[in-house]
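[1] return atomic coordinates for the entry below.
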Amino acid sequence: MSSCNKKIQELETNPNNPTSVPPYLLLGTVLTDMSGMGSAGSLGGVDSWDNVHRWNQYHCSNYAYYNTNIYNWTGSSSSFDPYLVMQNVIQMDKEATIRGASAVNPYEAVGKFVIAYYYYNLTSMFGDVPQAQALLGAKNQTPVYTPQEQVFEYILNTLDTANSHLATLIANNDNSLSANQDLYYQGNLVQWQKLVNSFKLRVLIALSKKSADANLNIATQFSNIINNPGKYPIFSSQSDDMVFNYNPGGSDNFSTYYFNPSNFGSIAGRYNMASTYVSALTSINDPRVFITCEPAWTLVGSDPVPTKYQYFAGASTGEPLATMYGNANAGLYSNINRYRYFSSFTGEPDVLVGYKEMLFNIAEGIERGWISGNAETFYKAGINESMKFYGIDTTKNSFTAYFLPPGNSSVTQTAPYPFVFSFSSYYAQPAVKLSSTASTAINQIVLQKYISCFQNSGFEAYYNARRTGVPVFQGGSGVGNNGIVPSRWAYPVTEQVQNAKNWNAAIASQQFTADDLNQTMWLLK
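    Next comes the predicted model:
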């Protein structure tokens, strides 16, 4: 009897199931989820060479065992699991304050950026989404859907608050953010503040069709950032980028680059390049095609110089898979550059939000009349920075490409092929030199941004093509959806069961005829 002196509440507590966790551990989990390599919040697969970059029409799968090119944005493939990540953000802030942090603390400020990032993507994917009543957990499991305009207003306000709070923390020399769990900036709040404002420029550009919206004041918000760098610092180089570095760490394959020497033999020929991307490069004699792609060797034939633009060709994303597989095996399509993308387990870093994109966003803002300035300066800088990312120093003329010649079966058997490139000649092309006509100039800016977002920046390539029509995405039976490239995701099927009343109300309020992939959301009207 004397040994049985524990209260029933103590006996019910499982010591192996913690009820509290330090905020820094939640930070690491949340930031990993943002990379697309966590257990939730992958937004359909945003890490390098994943699903989203097929939907961006950068590359194609030609073998059904590994993947198709269908925009399967419906049914069980559609997910609201980013809300799980945002719930962790809410808990992260709670855990910080429980442990003595003030209401304004680094976990709270960084968390606000994470929430803005996810809401931006959720509403851009679906349209109206739960926001005002979301993130309440068990208190409300059937939240109403917030109109898209109000979601964007919330995103912009949240970013403003994050900027203000980060400024306060920086002024107070707060260094309490866990450096080893901060995958992107190692606890540097100055970098986080630059990210917040650079990302806000992305959000404002996404709203270009709504520039007259009196509630959002898009042009004013854009100019406030550009014209007040002391209050709204932004990226100043690629070293500021929000970058996920693949680092397998020996036996740990959790963050191994998707294409690497271990899977070269099984998948190197199963993916070929997409025509949308390759044509964007070859049509303007752009040498980045030599770095990211290989020539279609059947087109090369016996020519000893494969570094010619006419030898690079991609498949239409809408092509039937069987046709694509046959043409790829016949050497009629360019493969992924196997030297660049299969030579190591770390590959190239995945840029979630980058300086290159920001430069193009500023150039577009100038062309739209939101701010004054020389759009060409930012446009040219964006092109130069993108080429720099691929090792093309635009002050030089001689370069080397590396391809895997026909008959060679190992990534170690790639061969060097010299090529020459003059940036001045490249830029002098009428299709490249920024036009004096604003509408044409905007199309040029968006095309160069599309090229620079290859295998990075999540859905930005698709969002921008959907918004502007540049580049023209290719449809056909291979994309599913009756051959039409979709304009949105269908809501998760779970919403029809668990939140049917609010789901039906959201369909009706957006004037959708159905919850399908071809409806036009407020953002695009």
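
[2] alpha carbons of stretch 472-488, as PDB, please.
    Once non-C-alpha atoms are left out, stretch 472-488 reads as follows in PDB (Å, rounded to 0.1, in the frame of the first residue of the first chain):
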ATOM      1  CA  VAL A 472       2.800  30.500 -73.000                       C
ATOM      2  CA  PHE A 473       2.500  27.200 -71.200                       C
ATOM      3  CA  GLN A 474       1.800  24.200 -73.400                       C
ATOM      4  CA  GLY A 475      -1.300  22.100 -73.000                       C
ATOM      5  CA  GLY A 476      -2.400  18.800 -74.500                       C
ATOM      6  CA  SER A 477      -3.400  15.400 -73.300                       C
ATOM      7  CA  GLY A 478      -0.300  15.100 -71.300                       C
ATOM      8  CA  VAL A 479      -1.300  17.700 -68.800                       C
ATOM      9  CA  GLY A 480      -4.700  16.100 -68.100                       C
ATOM     10  CA  ASN A 481      -7.700  18.500 -67.400                       C
ATOM     11  CA  ASN A 482      -8.900  17.900 -70.900                       C
ATOM     12  CA  GLY A 483      -5.600  19.300 -72.300                       C
ATOM     13  CA  ILE A 484      -5.900  22.600 -70.500                       C
ATOM     14  CA  VAL A 485      -3.300  24.000 -68.200                       C
ATOM     15  CA  PRO A 486      -5.300  24.800 -65.000                       C
ATOM     16  CA  SER A 487      -5.700  28.200 -63.400                       C
ATOM     17  CA  ARG A 488      -6.200  26.900 -59.800                       C
END
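
[3] can you pull out the strands in this structure?
    59-61, 129-130, 145-146, 242-244, 271-273, 350-353, 398-403, 415-420 (DSSP state E).

[4] which residue sits closest to residue 241, ignoring its sequence neighbours?
    In space, residue 241 comes closest to residue 354 once its chain neighbours are excluded; the distance is 4.4 Å by Cβ to Cβ, 6 or more residues apart in numbering. Just so you know, the C-beta spots here come from the backbone N, C-alpha and C atoms, and that holds for glycine as well.

[5] wait, that neighbour sits on residue 238?
    Yes - counting by Cβ atoms under 8 Å, residue 238 is a contact partner of residue 354 at 6.8 Å.

[6] need the strands of the chain in a markdown table with distance to residue 487 and mean pLDDT, can you?
    Below are the strands of the chain laid out as a markdown table (distance: least, Cβ to Cβ, whole Å; pLDDT from 0 to 100):
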| stretch | distance to residue 487 | mean pLDDT |
| --- | --- | --- |
| strand 59-61 | 21 | 98 |
| strand 129-130 | 16 | 98 |
| strand 145-146 | 18 | 98 |
| strand 242-244 | 27 | 97 |
| strand 271-273 | 25 | 97 |
| strand 350-353 | 24 | 98 |
| strand 398-403 | 37 | 98 |
| strand 415-420 | 39 | 98 |
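
[7] for those strands, which one sits closest to residue 504?
    With Cβ to Cβ as the criterion, residue 504 lies closest to strand 145-146 of the strands of the chain, at 10.0 Å.

[8] which other residues reach the closest one?
    By Cβ atoms under 8 Å, 6 or more residues apart in numbering, the list of residues contacting strand 145-146 from outside reads 128, 129, 130, 131, 132, 133, 154, 502, 503, 505, 506, 509.

[9] a markdown table please, covering the strands of the chain and showing mean neighbour count.
    Converted to a markdown table, these look like this (neighbours: other Cβ atoms under 10 Å):
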| stretch | mean neighbour count |
| --- | --- |
| strand 59-61 | 26 |
| strand 129-130 | 24 |
| strand 145-146 | 24 |
| strand 242-244 | 23 |
| strand 271-273 | 26 |
| strand 350-353 | 24 |
| strand 398-403 | 16 |
| strand 415-420 | 12 |
